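> I'll drop the sequence and a predicted model, then ask my questions.
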Amino acid sequence: MYRYDEHDATIIRERVAQFHDQVARRLSGEISENEFKPLRLQNGLYMQLHAYMLRVAVPYGWLSSAQLHRLAHVARTWDKGYGHLSTRQNVQYNWPALEDVPKILAALAEVEMHAVQTSGNCIRNTTSDHFAGVAREELEDPRPYCELIRQWSTFHPEFAALPRKFKIAVTGSPRDRAAVQIHDIGIRIVENEAGERGFEILVGGGLGRTPRIARSIRDFLPKADLLSYLEAILRVYNEQGRRDNKYKARIKILVDALGVDAFREAVEAEWAEIKDGAMKLTDEELARVAKHFEPPAYESLEGGDALLAGKKLSPNRRFAAWLESNVEPHKVPGYAAVVITVKSPGRPPGDITADHMDAVAELAERFGFGEIVITHRQNLCIPDVRIDQLEALWAELDALALGEANYFRATDIIACPGLDYCSLANARSIPVAQRLTERLHKLERLEGVGELTINISGCINACGHHHVGNIGVLGIDKQGEEFYQLMLGGSSAEDASLGKILGPAIPSDEIVDAVDRVLDAYLSLRNDGERFLDCVRRVGTRSFKERVYV
Amino acid sequence: MSESNSRPSILVNGQISEDAWRSVDDESPVPSEGDVIVSLARWQRDRPELGDRLGRTAVRLDPEHSGRELADAFDALDMIVVDFPKFTDGRGYTIARRLREQLGWRKALRAQGDVLPDQVFFMQRCGFDVLALRADKSLETAQRALSAFSVSYQGAADDPRPLYRRRPEGVVRSARAS
């Protein structure tokens, strides 16, 4: 993974000092709250219903075990003993005191971490595939490009006061686990007809009040031009994006307003002026950054897929189910990538205790190469585990209550903080997720239904990504009562689509039954081996509606 | 900006200096002597008269401008001013970089309006060398903020080279060495 050189370390050290000074000037009254707001936001400090929330950047989700141990330390020392994994692969703390934040940032800086640009109207942490570098079908490891984007976007002097937040995601695999089509800019590594590698560039995706699937504005961009092209897009957005209405300020609205062709022309015109300048990436720089992501020292192992297939026949049904759902084929024979879901009955989705952080960090050292990835679906991943050690790893995870076999299953729910924490929400999200998990967590039910995503948002701002859940749940307020709207057929993968509303909103005490009936409907409507999403797409929502609104 | 002489001091190349400039609105007469700032509209309307002054003349751009409006007027102007009506409106940074890096403006470039100490580091990088802070803000704090960072990743108006073109040749460290 990427390790800081002296420049990176200097920048983060100076950032800690800068923010320390800004907090002191805020506490002394030299800076008003209004003026302090963008400063604290660009340092990840968000005001929630009860307290500040601090969002720590985890570049493209990648952590060393030392960093995860440090996150546990922060949770214990300055928070309430837990943290929260976000859908953009970051870590959030819900209860820090403002005066402690400079101390937290200093503690993070010691392990090459920070909270830079995790909030505010700037370029946010770049996200990527949690199986980057190990996925079997991957064309090329996206992490070096994520890191180049991280460096380019960090304290970019021109783009610190954009019309609105700006999110970039990169995938190097045709299977999209990074949701690139719902980002302001989505980047896919592709190969052109001449066999050269480059990027397809998509713009204008996003959820919120105006959900949009991103549109392609360039089929092929040479690697050396990545940063100048991004700069051209950002410049067009910075100048032309709307600033009069925050709900119309994202780039998707600009792309809609101009039309994708006019938007592309504006970008290409801006790019023509800078593409041959100093931003062009040098071979040395591409090589320098790529070197940080060289494969670890894999052993040469026998067995591989056959060994994994054999283990799935294990008489231990829970272990076998876990292998089926949580273990991903790996580029290197004899290895697998393992997803550790932190979702099980009684836990808010994405929350993880300091003890669990420490335990996973330690397991990653013993069973992997000391690296852990936070996934877009708010879980953890150990990317390199020997297949012959999977059973031992699972036994330890199971003893920690982290051995749940539910990755991409009905209880692997994404939920926003909702009305329990968030001042924007109209309804609670976490209790609905917990009630659904309670109902659906039995292994037979999870295995019977198979691959399924449920995403829950507590308001139309859509932080729980309800539009792109196979089942989306949106909380609304009806005269002070919590109601929930159901949507079916959404996806944030390579076949991205927005879900369709199933019918009238459902009262809170009936929503779990309604989701249960959606699953029953699927089981009766599906063809052999057909995924939930494919079934909805084939039969349409009407057949489901008849079976859910009874 | 309204005409005012209430701002006695500004930062010029990081040094606290007297502000010799005065803004003249679109309807008031422009004195023939002294250093004045006029709006782009006024400049476009009264260019012959303004070009004939004894004192120095600057034109103020607003966020909706691009900077290209003045590309044919560089010889006639002594300074370009970019107004920041709200510090959260970042369009002025793009205007500054375009003036400096693409249009080749070499003379003074002034940021004024809602200019706060915590913005000046980025403003300086985008090419502003004159910083007229909001009247209630500390010039000393702003002066300190100009050196908040000793190294930057990106190229900008202060140095077009990104960090990867400033690194000493051959410094390719092994990621797994540490």
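Arrived safely, thanks for sending. In this text the structure is predicted, and so the values were computed from the model without any measurement.
> going forward, measure contacts and count neighbours with C-alpha atoms only.
Will do.
> Could you tell me which residues of chain B lie near chain A?
Contact residues, chain B versus chain A (C-alpha under 8 Å from any C-alpha of the partner chain): B:64, B:87-91, B:93-94, B:97, B:102, B:121-123, B:125-126, B:148-156, B:160-162, B:164-165, B:172-176.
> Got a PyMOL select line for the buried ones in those?
Burial among these is assessed by 16 or more other C-alpha atoms under 10 Å in any protein chain shown; the matching PyMOL selection reads:
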select buried, chain B and resi 87+88+89+90+91+93+94+97+121+122+123+125+126+148+149+152+153+154+155+156+161+162+164+165+175
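> Give me the subset of the residues of chain B next to chain A that lies in helices.
Among these, the ones falling in helices (DSSP state H) are B:R91, B:Y93, B:T94, B:R97, B:F121, B:F122, B:M123, B:R125.
> okay, the residues you listed in TSV with pLDDT next?
Below are those laid out as TSV (pLDDT from 0 to 100):
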residue	pLDDT
B:R91	98
B:Y93	98
B:T94	98
B:R97	98
B:F121	98
B:F122	98
B:M123	98
B:R125	98
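> hmm, which two among these are most spread apart?
Greatest spacing in those, by C-alpha to C-alpha: B:R91 and B:F121 (15.8 Å).
> Tell me, how many residues neighbour A:H441?
Residues lying near A:H441 (other C-alpha atoms under 10 Å in any protein chain shown) number 22.
> Repeat that for A:A297.
Using other C-alpha under 10 Å: A:A297 sits among 7 other residues.
> cool, A:A505 as well?
A:A505 has 19 nearby residues by other C-alpha under 10 Å.
> quick one: low-confidence ranges for the stretch 451-550 of chain A?
Counting by pLDDT under 70, the stretch 451-550 of chain A contains no low-confidence range.
> Oops, could you answer that again for chain B instead?
B:1-8, B:168-178.
> so where do the helices sit in it?
B:40-51, B:91-97, B:120-125, B:139-145.
> Can you tell me which of those is packed in deepest?
helix B:91-97 (a mean of 26; mean count of other C-alpha atoms under 10 Å in any protein chain shown).
> can you list the residues of the stretch 151-300 of chain A near chain B?
Counting by C-alpha under 8 Å from any C-alpha, the stretch 151-300 of chain A sits next to chain B at A:151-163, A:235, A:238-239, A:243, A:273, A:278-279, A:282, A:285, A:288, A:291-293.
> Just the buried residues of those residues.
Among these, those buried by neighbour count (16+ other C-alpha under 10 Å) are A:151-163, A:235, A:238-239, A:243, A:278-279, A:285, A:288, A:291-293.
> right, so of the helices of chain B, which gets closest to A:G472?
helix B:91-97 (37.0 Å).
> which residues are contacting that closest one?
A:157-159, A:161-162, A:235, A:238-239, B:62-67, B:82-84, B:109, B:123, B:126-128, B:156-157 (C-alpha atoms under 8 Å, 6 or more residues apart in numbering or on different chains).
> Now for chain A, the helix or strand with the poorest mean pLDDT.
Across the helices and strands of chain A, the lowest-confidence element by mean pLDDT, DSSP states H and E is strand A:45-47, at a mean of 85.
> Paired strands for the helix or strand just after that strand, with orientation please.
As assigned by DSSP states H and E, the chain's next helix or strand after strand A:45-47 is strand A:52-56. Strand A:52-56 has its sheet partners listed here by DSSP bridges as strand A:45-47 (antiparallel), strand A:91-93 (antiparallel).
> Phi and psi next, for A:H114.
phi -160, psi -180 (degrees, to the nearest 10).
> So what pairs up with it in the strands?
Under the criterion used (DSSP bridges), A:H114 bridges to A:A57.
> Might you report the residue contacts of it?
Applying C-alpha under 8 Å, 6+ apart, the residues near A:H114 are A:I12, A:V56, A:A57, A:L105, A:L108.
> Among the residues of the stretch 151-300 of chain A next to chain B, name the ones in helices.
A:Q151, A:W152, A:S153, A:R235, A:N238, A:E239, A:E273, A:E285, A:R288, A:K291.
> And for the closest residue to A:V170 other than its chain neighbours, the neighbour number?
Nearest in space to A:V170, with sequence neighbours left out and distances taken as C-alpha to C-alpha, 6 or more residues apart in numbering or on different chains, is A:I187 at 4.6 Å. Neighbourhood size, A:I187 [other C-alpha under 10 Å]: 26.
> which SSE is A:I187 in?
strand A:185-191.
> Within the sheet, what are the partner strands of that strand, with directions?
According to DSSP bridges, strand A:185-191 has these partners: strand A:168-171 (parallel), strand A:197-203 (antiparallel).
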